[in-house]
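# Need coordinates for the below:
(2 chains)
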Protein chains: 2
Amino acid sequence: MRLPTLKWAGDALELVDQTLLPSELVIKRCDSAEEVRDAIHRLVVRGAPAIGVAAAYGVLLAAHSAKNSSPEELREHVARAAELLAAARPTAVNLAWAVRRMEAAAQGQEASAQELYERLEREAKAIEEEDREANRRLGKFGAALLEDGATVLTHCNAGALATVDYGTALGVVYAAVEEGKNVSVYVDETRPLLQGARLTAWELTQAGIPATLICDDMAASVMSQGKVDCVVVGADRVAANGDAANKIGTLNLAILARHFLVPFYVAAPLSTVDFDMASGADIPIEERNPEEVTSFAGARFAPVGVDVYNPAFDVTPAYLIDAVIMEGGVAKPPLGAALAALRRD
Amino acid sequence: MRLPTLKWAGDALELVDQTLLPSELVIKRCDSAEEVRDAIHRLVVRGAPAIGVAAAYGVLLAAHSAKNSSPEELREHVARAAELLAAARPTAVNLAWAVRRMEAAAQGQEASAQELYERLEREAKAIEEEDREANRRLGKFGAALLEDGATVLTHCNAGALATVDYGTALGVVYAAVEEGKNVSVYVDETRPLLQGARLTAWELTQAGIPATLICDDMAASVMSQGKVDCVVVGADRVAANGDAANKIGTLNLAILARHFLVPFYVAAPLSTVDFDMASGADIPIEERNPEEVTSFAGARFAPVGVDVYNPAFDVTPAYLIDAVIMEGGVAKPPLGAALAALRRD
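Prediction:
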């Protein structure tokens, strides 16, 4: 049974608190846009598609508190929440994309506040449902790239917990398994916050899919032994030319994969592509708290006085990516042209 | 002030317990070869040169307990301890090398047990002193490879704590700083046991050398930004052709360095070269307890049911190594010929 990453409860957004998994299963209830923003910022909910959907519901919560006031006031609430939520984390483009869709849905001069609220609710649910469907569809396209018996290496968590359901990179694995293929997965633990060890390993063991946990610095060793057939990761933002920002450490894997001639695939819905960004050089990279690196569970292990660099993402250049697996099909190099074609379809 | 990694106390070997640094400074006293073996196995003392010297003193402790018996009995004690200590960890060749030197020193039919013991004590002290000198000398050779203002990336701990004193990879940094150069260091935290975050960061901050801690999966990001001038690491065993076994994650760095055209240097004394091993393919790779990967400080974060692969070392092929910095000079490709020449000198 998969956890519901998020659930709209009519007047609140319920989130599985991913900071506590797998040791504790706690549902965090958010009653306001501010609470959703904080949940996104603290990684209670994370993963580019999931935070996009969460942000849409965050906007909806702002509208909910104004549905008995004037349309103008509701739109003001929506605009304030949109700004707040879009700034919760800088790298994933899905956040801005979902929030813009919600703002657009709140337009229409003739509508009452109640009508606008209903439109917004439909839009948020549509964003949620589209994510669910996109994952299923991209999973099927990606599964065709996996042979029976394949071993996949993945990084961070691009699974059900990073999306509404099913997942992107893990969606590819799930779809292949549903087709009857044997697939096993090497799971990079993904320092500093261990989303691989905590979330991906948990999802895969729950699903009965053979999973082997490794530290991030073991990937080259595993590849050098011929144990990896392909790397599949998610993305937080794909530039128009195919450069892909994803969890820190993805670039390491892409370079190692190319060295060992192991195919490197990015699995992401079209909502992750930022066609306004020509290349990955301009993607903003979030830097997070040094304590994520120096401590674990409150216990500090690094000496006082050492500097820390803690970027949450890196950018893999398009030339290291063998395919981007999307809900409309598989984009292959040259990625810029292939992504543009999938957008038009 | 540098910690004494190890100290011979006349009837015991005193070790800084490196499993507890930097939060606690505890001296572990070993009164027998068995205790030294356990200390090596548990990583109370670690680093190829340091465990070689510790093993020599472990043999000496076995001889100490037999110095009032017959020469034959003393030699039996030595042989048993040698076997025990050489098997404490499989990858570093310094262990076998030091133990063989001690066994050779215990030969000589005409000598009394007391005389043999004195020979063994001189030999152990010579191994210790040679390591001290080798590090100073290789540090100077390596320093010539660092420009003023250079930024070095290193992995694990190949510092004073990995040797009797000064260090190999960090010896290069210390020597450059002593020459008046400004050098700063990116420190890979080095999962799973965090020797970079705990030991290297501690040594460098103690020495007043600017150090920036990163997770292992951030190395590509840092290199892609042009922030790394060279990578310097130690080695646990270098094969005759120049292939080098070192802490897991070293191969990752070597591949990344080549991708970004960043020079990749191995710093190690001649005692680390195993001229009997033609290539790195035959170097035994120690696999350690899965709990090192699934838990931190007793708190488990990975789900039950996930498999773990935990190799302690990987092998970097010679073609990815731009130089091996040794006490006799800098070996450059072709490494096999260069190492053989340094051995003859």
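# Can you give me the domain assignment for chain A?
With domains defined by automatic domain parsing, chain A comprises A:6-135, A:140-342.
# How many neighbouring residues does the closest residue to residue A:234 other than its chain neighbours have?
Distances taken as C-beta to C-beta, 6 or more residues apart in numbering or on different chains place residue A:158 nearest to residue A:234, at 2.8 Å, with adjacent residues excluded. For every residue, glycine as well, the C-beta is placed using N, CA and C. Number of residues near residue A:158 (other C-beta atoms under 10 Å in any protein chain shown) recorded here: 33.
# check contacts around residue A:158.
For residue A:158, the contact set (C-beta atoms under 8 Å, 6 or more residues apart in numbering or on different chains) comprises A:47, A:167-171, A:232-234, A:267.
# Quick check on residue A:186: phi, psi?
For residue A:186, the backbone dihedrals are phi -90, psi 130 (criterion: degrees, to the nearest 10).
# mind checking the SS state of the residue of chain A most remote from its centre?
Relative to the centre of chain A, the most outlying C-alpha is that of residue A:110, 36.3 Å out, by C-alpha atoms, centre = their mean. For residue A:110, the assignment made with DSSP: H, G, I helix; E, B strand; the rest coil gives coil.
# State the distance from it to residue A:68.
18 Å (C-beta to C-beta, to the nearest Å).
# same check, this time on residue A:261
Relative to residue A:68, and taking C-beta to C-beta, residue A:261 is found at 62 Å.
# Tabulate the domains of chain A (TSV), appending mean pLDDT.
Shown next, in TSV, are the domains of chain A (pLDDT from 0 to 100):
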stretch	mean pLDDT
domain A:6-135	96
domain A:140-342	97
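# could you dump those domains to TSV with distance to residue B:114?
As requested, the domains of chain A are exported to TSV (distance: least, C-beta to C-beta, whole Å):
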stretch	distance to residue B:114
domain A:6-135	59
domain A:140-342	45
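# Of the ones you listed, which stretch is the most buried?
domain A:140-342 (a mean of 22; mean count of other C-beta atoms under 10 Å in any protein chain shown).
# gap between the two ends of it?
Taking C-alpha to C-alpha, to the nearest Å, domain A:140-342 runs 16 Å from one end to the other.
# Repeat that for stretch A:147-163.
25 Å.
# mind checking how far the closest residue to chain B within the stretch 1-150 of chain A is from residue A:231?
Scanning the stretch 1-150 of chain A for the residue nearest chain B gives residue A:22, at 4.5 Å (criterion: C-beta to the nearest C-beta). Counting by C-beta to C-beta, the gap from residue A:22 to residue A:231 is 23 Å.
# And for residue A:120?
Distance from residue A:120 to residue A:231, by C-beta to C-beta: 39 Å.
# for residue A:157, same thing?
Counting by C-beta to C-beta, the gap from residue A:157 to residue A:231 is 15 Å.
# just checking, what packs against the helix ranked longest in chain A?
When every helix of chain A is counted residue by residue (DSSP state H), the longest turns out to be helix A:113-143. Helix A:113-143 sits against strand A:6-8, helix A:48-64, helix A:71-86, helix A:93-105, helix A:169-178, strand A:264-267, strand A:323-326, strand A:329-331, with contacts defined as 3 or more C-beta pairs under 8 Å, 6 or more residues apart in numbering or on different chains; DSSP states H and E.
# Get me the contact residues on the stretch 101-250 of chain A for chain B.
A:155, A:186-192, A:194, A:197-198, A:201-202, A:204-206, A:210-222, A:224, A:248-249 (C-beta under 8 Å from any C-beta of the partner chain).
# swap the cut-off to 7 Å and go again
Within the stretch 101-250 of chain A, the positions near chain B by C-beta under 7 Å from any C-beta of the partner chain are A:189-192, A:194, A:197-198, A:201-202, A:205, A:211-222, A:224, A:248-249.
# out of those, which are inside strands?
A:211-214 (DSSP state E).
# Columns distance to residue B:18 on top of those residues, output as CSV?
Putting those into CSV (distance: C-beta to C-beta, whole Å) gives the following:
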residue, distance to residue B:18
A:211, 32
A:212, 28
A:213, 25
A:214, 24
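# which of the residues you listed lies closest to residue B:98?
Of all those, residue A:214 has the smallest distance to residue B:98: 31.7 Å, by C-beta to C-beta.
# Identify the residues contacting the closest one.
Contact analysis of residue A:214 by C-beta atoms under 7 Å, 6 or more residues apart in numbering or on different chains lists A:186-189, A:222, B:309.
# among those, which two are most distant?
Between any two of these (C-beta to C-beta), the greatest distance is 12.7 Å, for A:189 and A:222.
# re earlier: give the contact list for the residue of the stretch 1-150 of chain A closest to chain B.
Residue A:22 neighbours (C-beta under 7 Å, 6+ apart): A:198, A:202, B:303.
# now residue A:205
Counting by C-beta under 7 Å, 6+ apart, the residues that residue A:205 touches are A:211, B:303, B:305-306.
# ditto for residue A:207
Per C-beta under 7 Å, 6+ apart, neighbours of residue A:207: residue A:174.
# Now do the same contact list for residue A:257.
Taking C-beta under 7 Å, 6+ apart, one finds A:231, A:264 in contact with residue A:257.
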